[in-house]
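Q: Pasting the sequence and the predicted coordinates here, then a few questions.
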Amino acid sequence: MAATPGRRVLVTGADTFWGGRMIQALEADPAMEVILGLGTKSPSVPFERAEFVRSDQAYSILNRIVTATQVDTILHTFLVVDSTLVPPRALHEINVIGTMNLLAAAGAAASPVRHVVVKSSTLVYGSSEKDPNTFSEDTPRSSPARTRVERSLIEAEGLVRDFAEDNPATLVTVLRFANVLGTDIRTSISKNLSRPVCPSILGFDPLVQFVEEDDVVRALEYVTRERIPGLFNTAGSGRLPWSEVASICGTKLLPLPPVGTRLAIAPLVRLGAFEFPPEMESLLRYGRGVDTSRLTEAGFEFGYSSAGAVQSFIRAVRLRRGAGRSPDSYTYEHDVEQFFRHSRSVVHSGDR
Amino acid sequence: MAPARREVATRSRPSTEIVPIRVTPEDQETPEDPRLSDVDEWGRSEHMRALARQLYEPIYSKWLRVEWEGLEKIPAEGGALLIANHAGAIPSDAPVIMHGIEKELGRPVYGMADYFFRTVPVVGTLWSRAGGVSAKPDNAYRLLHDQHQLTLVFPEGTKGPSKSFTDRYQLRRFGRGGFVEIAMRAGVPVIPIAVVGSEEAMPIVLRLPAVARALGVPYFPVTANLLVFGPLGIPVPFPAKFKLRVLDPVTFDVPPDQERYSKSRIMDEAEKIRGRLQETLYDMLRSRRSVWFG
């Protein structure tokens, strides 16, 4: 084993898709000695050696956990970037209050935390007609944020920036991810694209950029492992018109009127035919493109282009359609997990 | 303090779990390129351009009978910022310059215009597919510096096409000289192009600012074309003879990629270019015998 002591990592949102994926990825890395998952509900995927701690979403017990476990790295994956997933009030609680408490614990006196990694979104750039074609990390927004999710993410990033300023000894990494598509993730966009008809706005065919879910995991893992501080856009190379995304996915476009768009789709959203959060409307009008050269210059290699992410997504959809749904095979049982980790009766492969 | 690393024995899993959805990129056969169109990151499509060129060619060579002078001054490769005078309610100068250079030099031209275009359904999309880009300094820098493209910009902005026919060929203010600053930062030359014919192709008789405000458009003109051709006159220009003259490229001996450039130097250079362009326009008008035949 390496001479340097292993990393002790705390992952937020361990019960969510991203937290679960990150923990599974970190478990494969022997340099990650201790992995703690923090979540409000039971995890939905099995962990090999990570320990799960249940917490409320405001992380009131976090201070104690950080002190007791002496974690040196916090991986903050629990920022909600799809406003269809949680009620509006919870969005603020999770993104803003949650981040605030997390950073308060990480920045407490004699805190052992030396690296904070935050999974943010390119939603912070917004999407408007005044936008430049490509956003770099330093490009300011060109219009004020109008949706809740954008406002909460901007506020959360502001807290992270303040934290970085107040704690110069702690490395801070923020990755801003483009819209994610992939084999397993379900977002409002992927739900729309996997249906026979998907919404668009009449007369608009914006250029959109995607990142594949594996690249999301790999990017977060990369900056965590290599301890790379900074602010990075993370998206697959290239971008494609929304109409082309729809054709690749084999779905027909339903053109919504450019005026009164929300009014027109509201009944369909109510019926469950489409997902149409407010942040999707501006995206379907003006699209968004980001420059990822900073992350590639830091040594990260993307596995998928934007178009590749779309293809990876639709191939998985076709497989699911063809093969039927695989049954939910895992239920978290606290006692069982504790038994496997701590009982003297369990024979660990390292001990034999 | 640190506990020994442990491999927990593999838990038994229900035998019903048989469908591995996850396929790692390595053991997947390399899928074919998923792209279905040739739309680039600017929204430009070479297919659409080719179609637009095919449709525009008769207008270009038969209707407007475009003639170029000094086309060889436009470089065959490398970035350059093309600027021109801007006129006519729906200006014909942009498509004429883009079409002409693509036809003669075989290299794409990205035409910059007010972001207002993006907000108009259908028009905005077609404009983008045909090589239109919104006039943001970031966009110009990326096109010129990073991608070495020809980029066309009209420094007068909407003040050019919105002026009345009585002000024809009188250059408006060149913005705040932003085009000079971008050329300096990107380290590319500015190539001015004087266009004669655009003013007469679609002269503005009357402007209706109240209608423009109500519709949220930069200007709302009543054109002579509308009065002569009726509704057909909205898109159709008069067959004025188009003559274009490319001026000598202007280079600035300043290092590229500076944080700031002298504002007075920028304004001086912009004013100098404007003066030369205005002089060239007067010169071309002096030798023009007929609006329709040149």
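A: That came through fine. From a predicted model like this one, the values you see are computed outputs, not experimental measurements.

Q: okay, CA-based contacts and neighbour counts for the rest of this
A: Fine.

Q: mind listing the strands for chain B?
A: Along chain B, counting by DSSP state E, strands occupy B:67-69, B:80-84, B:109-113, B:132-134, B:150-153, B:190-196, B:204-207, B:221-223, B:243-246.

Q: And chain A, by the same measure?
A: According to DSSP E, chain A carries its strands in the segments A:7-12, A:32-39, A:51-54, A:73-76, A:115-121, A:171-177, A:179-181, A:197-201, A:207-208, A:210-212, A:230-234, A:240-241, A:252-256.

Q: Would you mind finding the most buried of those strands?
A: Each of the strands of chain A was given a mean neighbour count from mean count of other CA atoms under 10 Å in any protein chain shown, and the largest, a mean of 28, is that of strand A:210-212.

Q: Which strands or helices does it pack on?
A: Applying 3 or more CA pairs under 8 Å, 6 or more residues apart in numbering or on different chains; DSSP states H and E, we find strand A:210-212 packed against strand A:179-181, helix A:306-323.

Q: what packs against the shortest one?
A: Here strand A:179-181 is seen to pack against strand A:210-212, helix A:306-323 when contacts are counted using 3+ CA pairs under 8 Å, 6+ apart.

Q: Confidence-wise, which of the ones you listed is weakest overall?
A: Mean pLDDT is lowest for helix A:306-323 out of these, coming in at a mean of 93.

Q: now check that helix, is it near chain B?
A: Yes. Helix A:306-323 lies in contact with chain B when judged by CA under 8 Å from any CA of the partner chain; the contacting residues are A:307-308, A:311, A:316, A:319-320, A:323.

Q: Around chain B, which positions in the stretch 101-250 of chain A sit nearby?
A: Within the stretch 101-250 of chain A, the positions lying close to chain B (CA under 8 Å from any CA) are A:129-130, A:132-134, A:183-184, A:202-207, A:238-241, A:244, A:247-248.

Q: hmm, which of those residues are the buried ones?
A: Neighbour counting over those (16 or more other CA atoms under 10 Å in any protein chain shown) leaves A:129-130, A:132-134, A:183-184, A:202-207, A:238-241, A:244, A:248 as the buried ones.

Q: Could you pull up the contacting residues of the residue of the stretch 151-300 of chain A found nearest chain B?
A: The minimum distance from the stretch 151-300 of chain A to chain B, using CA to the nearest CA, falls at A:G203 (3.9 Å). The contact partners of A:G203, by CA atoms under 8 Å, 6 or more residues apart in numbering or on different chains, come to A:258, B:120-125.

Q: I'd like those residues as a markdown table, with distance to A:A266 appended.
A: As requested, those are arranged in a markdown table below (distance: CA to CA, whole Å):
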| residue | distance to A:A266 |
| --- | --- |
| A:P258 | 14 |
| B:V120 | 23 |
| B:P121 | 21 |
| B:V122 | 23 |
| B:V123 | 26 |
| B:G124 | 25 |
| B:T125 | 25 |
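
Q: What's the local residue count around residue 101?
A: Because you didn't say which chain, this covers chain A. Applying the criterion other CA atoms under 10 Å in any protein chain shown, we find 18 residues in the vicinity of A:N101.

Q: Please refer instead to chain B.
A: If you count neighbours by other CA under 10 Å, B:I101 ends up with 18.

Q: Pull the contacting residues for it.
A: Contacts of B:I101 were listed using CA under 8 Å, 6+ apart, and they are B:71, B:107-109.

Q: are any of the residues you listed buried, and which?
A: Of all the contacts of B:I101 considered here, the ones buried according to neighbour count by 16+ other CA under 10 Å are B:71, B:108-109.

Q: mind putting those residues in JSON lines, distance to A:E213 and pLDDT included?
A: Rendered in JSON lines, the data for the buried ones among the contacts of B:I101 read as follows (distance: CA to CA, whole Å; pLDDT from 0 to 100):
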{"residue": "B:L71", "distance to A:E213": "49", "pLDDT": "94"}
{"residue": "B:P108", "distance to A:E213": "35", "pLDDT": "94"}
{"residue": "B:V109", "distance to A:E213": "36", "pLDDT": "96"}
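
Q: show me where the stretch 101-250 of chain B has helices.
A: Remark: helices of the stretch 101-250 of chain B, listed N- to C-terminal, are B:123-129, B:137-141, B:178-186, B:198-201, B:209-215, B:224-229; assignment by DSSP state H, counting those that start in this stretch.

Q: And the longest one, what's buried?
A: For helix B:178-186, a neighbour-count test (16+ other CA under 10 Å) marks B:178-186 as buried.

Q: Repeat that for stretch B:42-49.
A: The neighbour-count check on stretch B:42-49 (16+ other CA under 10 Å) flags B:42-46, B:48-49 as buried.

Q: same question, stretch B:287-294
A: Of all the residues in stretch B:287-294, those buried under the rule 16+ other CA under 10 Å are B:291-292, B:294.

Q: Tabulate those residues (CSV), appending distance to A:P88.
A: Rendered in CSV, the data for the buried residues of stretch B:287-294 read as follows (distance: CA to CA, whole Å):
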residue, distance to A:P88
B:V291, 63
B:W292, 64
B:G294, 66
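
Q: quick one, what contacts A:L231?
A: Listed by CA under 8 Å, 6+ apart, the contact set of A:L231 reads A:137, A:173-176.

Q: Once you drop chain neighbours, what's closest to it?
A: Among residues not flanking A:L231 along the chain, A:V174 sits closest, at 4.8 Å (CA to CA, 6 or more residues apart in numbering or on different chains).

Q: likewise B:P249?
A: Distances taken as CA to CA, 6+ apart put B:I191 closest to B:P249, at 4.4 Å, once the chain neighbours are dropped.

Q: Now flag whichever of the buried ones among the contacts of B:I101 is closest to chain A.
A: Nearest to chain A among those is B:V109, at 16.3 Å by CA to the nearest CA.

Q: Enumerate every residue touching that closest one.
A: Taking CA under 8 Å, 6+ apart as the definition of contact, the neighbours of B:V109 are B:98, B:101-102, B:131, B:149-152.
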